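Novice: make a model of this:
(chains A, B, C and D)
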Protein chains: 2
Amino acid sequence: MKSSDKHEKIIRAAVKVFAKKGFFSARISDIAKAAKVADGTIYLYFNNKFDILISVFDEEIGKFIAQTKKLVDQEETPQKKIEIFALKHLSMAKENKSLAEIIQMELRQSHKLIKEYRKTIFSEYVDIISNIIRQGQEKGIFREDVKPGIAKRAFFGALDEMTRLWVLSPKPPYDIEDTAKQISNMFLIGINSR
Amino acid sequence: MKSSDKHEKIIRAAVKVFAKKGFFSARISDIAKAAKVADGTIYLYFNNKFDILISVFDEEIGKFIAQTKKLVDQEETPQKKIEIFALKHLSMAKENKSLAEIIQMELRQSHKLIKEYRKTIFSEYVDIISNIIRQGQEKGIFREDVKPGIAKRAFFGALDEMTRLWVLSPKPPYDIEDTAKQISNMFLIGINSR
DNA sequence: TCGCGCTAAATGAATAAGCATTCATCCGGT
DNA sequence: ACCGGATGAATGCTTATTCATTTAGCGCGA
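Specialist: Residues are numbered from 1 along each chain as shown, chains lettered A, B, ... in the order given. Next up is the predicted model:
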């Protein structure tokens, strides 16, 4: 059995277990069982329980942010960029529910280390939005009196809240495309310069 | 010492300790020390650790929602109602940072009971918004194609995200009134019917 | 006014259970 | 035969909860 296999297997098992039980209630033995390895094996690949959580964030969220940036860059107008951002955000939550659940729940713990981590990773993501807004303002498309620092959070918060709804419900109550469009529309009209 | 005193004292101590350490890392002995009572005394007033958390939610959040409803009812126009809602939401977070922190962090755990509780309590709060939106639509002030169920979450999410920023930072980086106005403005323009 | 039970409230040391982590041992491939 | 990876039972620490004991307030009789 190649070692890279195990690392991957454990991460994947951890995502499921953390999503289901939450970080604190999750047992190392649960993760081991889900990954079909011995409890001790986990400590060959991770330093401790916390390290597993951080690895989940690093590896999985990192990928997602990179993908989002790339997609946004491919669009021409700020409006389109905003729309694609919303769509990508909501699609991700739908397609990767366990991960979305962990981001929703575990990344918001009061734990010192998580707090620091969250600041960094959320900033990077949310700044994609403020950059779009600034571009739009330079082109005269968005109002000048809108503060990108507030607007980025309003938009992200709106999407994040929709995600929370899905994470808590058994079934998505709204259509992804439709919701993405509604929210980005509302936002775009709200910051439009005309 | 009257017993009602102790209940209150323990709740207040718990708010502080939970905010600082998080529910799982908080020790009963921490709360006892902060409340200046013996560990065992806590069990005269609460069934278990979890019960303390639930009591914090019930007693503190309940008050807040009632206040918000009252304030909103006093306003005449849907626009003013939206504005006052935003202001009240953000003010509360600023004035009661520990409680805001607990709502932000602990009310979003993966724990079964908390999940259920959250659904109920968030719904009650967020439905204040959708009611305002429906009123506005009936009066022709807000666009008909806006879905109250989505819009309420977008607006709440925006406010919630601003709160998260404050909870994570040592100092409020923006002025409360200004932020409330920016966000409600953006939202009101976004759903305006003209 | 004093002191003597009586009761409810408070205490905190002891208990007992839970669980992350370790490590002596065991493969399986070369 | 050797060795790096894998195992999982044993360890030891952490902490919620309990409960035998103490304390404080109060009424009442002398």
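
Novice: so who does residue A:74 touch?
Specialist: residue A:84 (C-beta atoms under 8 Å, 6 or more residues apart in numbering or on different chains). Yep, even glycine has a C-beta here, placed from its N, CA and C like the rest.

Novice: my error: substitute residue A:82 in the last question.
Specialist: A:129, A:132, A:155, A:184, A:187, A:188.

Novice: JSON lines please, covering those residues and showing distance to residue B:88 and pLDDT.
Specialist: What follows is these, written out as JSON lines (distance: C-beta to C-beta, whole Å; pLDDT from 0 to 100):
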{"residue": "A:129", "distance to residue B:88": "26", "pLDDT": "98"}
{"residue": "A:132", "distance to residue B:88": "30", "pLDDT": "97"}
{"residue": "A:155", "distance to residue B:88": "22", "pLDDT": "97"}
{"residue": "A:184", "distance to residue B:88": "27", "pLDDT": "96"}
{"residue": "A:187", "distance to residue B:88": "23", "pLDDT": "95"}
{"residue": "A:188", "distance to residue B:88": "27", "pLDDT": "96"}
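
Novice: now, of those residues, which are buried?
Specialist: Applying a neighbour-count criterion of 16 or more other C-beta atoms under 10 Å in any protein chain shown, the buried members of those are A:129, A:132, A:155, A:184, A:187, A:188.

Novice: restrict those residues to those near chain B?
Specialist: On the criterion C-beta under 8 Å from any C-beta of the partner chain, A:155, A:187, A:188 are the entries of these that sit beside chain B.

Novice: nearest spatial neighbour of the second one, skipping sequence neighbours?
Specialist: Spelled out, it's residue A:187. residue A:155 (5.2 Å; C-beta to C-beta, 6 or more residues apart in numbering or on different chains).

Novice: isn't there a strand covering the one you found?
Specialist: No - according to DSSP: H, G, I helix; E, B strand; the rest coil, residue A:155 belongs to no strand; its state is helix.

Novice: I'd like the distance between it and DNA strand D.
Specialist: Noted for residue A:155: a distance of 39 Å to DNA strand D, by C-beta to the nearest atom of the strand, to the nearest Å.

Novice: okay, and for chain A, where does confidence drop off?
Specialist: A:1-4, A:172-173, A:194 (pLDDT under 70).

Novice: can you list the residues of it near DNA strand D?
Specialist: A:1, A:3, A:6, A:37, A:38, A:39, A:40, A:41, A:43, A:44 (C-beta under 7 Å from any atom of the strand).

Novice: check which helix or strand the third one maps to.
Specialist: If I follow you right, that is residue A:6. helix A:3-21 (DSSP states H and E).

Novice: so, in contact with DNA strand C or not, the next helix or strand along the chain from that helix?
Specialist: The helix or strand immediately downstream of helix A:3-21 is helix A:28-35, counting by DSSP H and E. Yes - using C-beta under 7 Å from any atom of the strand, helix A:28-35 reaches DNA strand C at A:28, A:29.

Novice: hey, where'd the helices end up in chain A?
Specialist: A:3-21, A:28-35, A:39-45, A:49-56, A:62-74, A:78-95, A:97-105, A:112-138, A:148-168, A:176-191 (DSSP state H).

Novice: closest to residue B:61 out of the ones you listed?
Specialist: helix A:148-168 (16.8 Å; C-beta to C-beta).

Novice: dump that closest one to CSV, restricted to CA.
Specialist: C-alpha atoms of helix A:148-168 as CSV (Å, rounded to 0.1, in the frame of the first residue of the first chain):
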residue,chain,number,x,y,z
PRO,A,148,-15.5,47.6,-1.4
GLY,A,149,-14.6,46.4,2.1
ILE,A,150,-18.2,46.4,3.2
ALA,A,151,-19.7,45.3,-0.1
LYS,A,152,-17.5,42.3,-0.4
ARG,A,153,-18.7,41.1,3.0
ALA,A,154,-22.3,41.8,2.2
PHE,A,155,-22.0,39.7,-0.9
PHE,A,156,-20.0,36.9,0.6
GLY,A,157,-22.3,36.9,3.6
ALA,A,158,-25.4,36.5,1.5
LEU,A,159,-23.9,33.5,-0.3
ASP,A,160,-22.6,32.0,2.9
GLU,A,161,-26.0,32.2,4.4
MET,A,162,-27.6,30.4,1.5
THR,A,163,-24.9,27.7,1.9
ARG,A,164,-25.8,27.4,5.6
LEU,A,165,-29.4,26.8,4.6
TRP,A,166,-28.4,23.9,2.4
VAL,A,167,-26.0,22.5,4.9
LEU,A,168,-28.7,22.3,7.5
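
Novice: buried residues of that helix, list them for me.
Specialist: So for helix A:148-168, counting by 16+ other C-beta under 10 Å, buried means A:148-167.

Novice: what does stretch A:10-19 give?
Specialist: A:10, A:11, A:12, A:13, A:14, A:15, A:16, A:17, A:18, A:19.

Novice: format those residues as a markdown table; extra columns: distance to residue B:141.
Specialist: A markdown table is the format used below for the buried residues of stretch A:10-19 (distance: C-beta to C-beta, whole Å):
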| residue | distance to residue B:141 |
| --- | --- |
| A:10 | 54 |
| A:11 | 50 |
| A:12 | 50 |
| A:13 | 52 |
| A:14 | 49 |
| A:15 | 45 |
| A:16 | 46 |
| A:17 | 48 |
| A:18 | 45 |
| A:19 | 41 |
